[in-house]
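**Q** starting from these lines, generate the structure:
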Amino acid sequence: MSDFELSILLTLLLVHVIGDFVLQSDAWAKEKAQRHARAHALYYHVGLHTLMTFAATLALGVELGQSLIGAGVVGGSHWLIDTLKSYTRGCPIRYFVIDQTIHVVVLTAVWAWLAGFDLTVLGDHLHGWITPRLLVMALTYLIALKPLSILIAMIMARWSRDVDTGGTLADAGARIGMLERFLILTFVLSDQLAAIGFLLTAKSVLRFGDLRRDRDRKLTEYVLLGTMLSVSMTLMLGLTARYLLAHL
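**A** Take a look at the predicted model:
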């Protein structure tokens, strides 16, 4: 596999993460769940994915006709997958994983189809700066910041109802988690694993100091569980990224 072919696959995955997690608002997600195929947000979302995929592949040097077909397949499959998902109820984690797995399978199939053409002559369109290493780094950070936040929130939902978060800043926990994962991922990629220990120690001093009341104990256990989950996932993601970068 050439660097150019790998860059196309990574670009397709990067565009998907941006379209599905960065540019999709909670309002869009709610409307899709409520109105299903009649939701305007569904068509905005699918149109965004289609346009972004078309623009990205075309910018990389894929021929116009191939870019149009590839983007059409991505958009059409996205409409079908998201429409079916909007009818699901219960166990959101399962459907989240299934949904994303099918999207990745479709993107991989589109990439394999594109790779069947003679793309080696199109490598000059990369201009030397859109490299697999850069794309792996960008994809890793985006996954750590947004998709992991959603997955962790789904896992923690069963305990969040029992925790009194009165007196805390709105969405502060999610923002702290994002910053925490950004720092941990940076430490892992720069081979500074010892710094992760200092980060966790500093957080424990700030947030786990008061255990006198039952409410504080529940909140402490909740935050500790969320932190361990976030750290574990980020470590696995970072170590996987390090392995990939070492072999590119």
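**Q** could you point out which element follows the least confident helix or strand in the chain by mean pLDDT?
**A** The weakest-scoring helix or strand in the chain, judged by mean pLDDT, DSSP states H and E, is helix 194-207 (a mean of 77). For helix 194-207, the following helix or strand on the C-terminal side (DSSP states H and E) is helix 214-246.
**Q** any idea how far the residue nearest to residue 195 when sequence neighbours are not counted is from residue 180?
**A** Leaving aside its sequence neighbours, residue 195 sits nearest to residue 187 (CB to CB, 6 or more residues apart in numbering; 4.6 Å). Every residue, glycine included, has its C-beta placed from N, CA and C. Noted for residue 187: a distance of 11 Å to residue 180, by CB to CB, to the nearest Å.
**Q** what do the two both touch?
**A** Listed as contacting both residue 187 and residue 180 by CB atoms under 8 Å, 6 or more residues apart in numbering are residue 199.
**Q** so what touches the helix or strand where residue 46 lies?
**A** Under the criterion of DSSP H and E, residue 46 resides in helix 40-60. Applying CB under 8 Å, 6+ apart, the contact partners of helix 40-60 are 4, 7-8, 11-12, 14-16, 18-20, 23-24, 27-29, 31-32, 35-36, 64, 66-68, 70-72, 74-75, 78-79, 82-83, 86, 114, 122, 125-126, 130.
**Q** what about the residues you listed, which are in helices?
**A** 4, 7-8, 11-12, 14-16, 27-29, 31-32, 35, 64, 66-68, 70-72, 74-75, 78-79, 82-83, 114 (DSSP state H).
**Q** what is the neighbour count of the residue lying closest to residue 85 once chain neighbours are set aside?
**A** Spatial nearest neighbour of residue 85, excluding adjacent residues (CB to CB, 6+ apart): residue 99 at 5.1 Å. By other CB atoms under 10 Å, the residues close to residue 99 number 17.
**Q** domain ranges for this structure?
**A** Domains of the chain are assigned by automatic domain parsing as 3-128, 150-246.
**Q** most tightly surrounded among these?
**A** domain 3-128 (a mean of 16; mean count of other CB atoms under 10 Å).
**Q** what about that domain, average pLDDT?
**A** Averaged across domain 3-128, pLDDT comes to 89.
**Q** show me what contacts the closest residue to residue 10 other than its chain neighbours?
**A** Nearest residue to residue 10, sequence neighbours excluded (CB to CB, 6+ apart): residue 135, at 3.7 Å. Residues counted as contacts of residue 135 (CB under 8 Å, 6+ apart) are 7, 10-11, 14.
**Q** just to revisit the earlier point, what does the least confident helix or strand of the chain rub up against?
**A** 180, 183-184, 187-188, 220, 223, 227, 231, 235.
**Q** by pLDDT, rank the residues you listed and give me the bottom one.
**A** pLDDT across the contacts of helix 194-207 is at its lowest for residue 220, which sits at 74.
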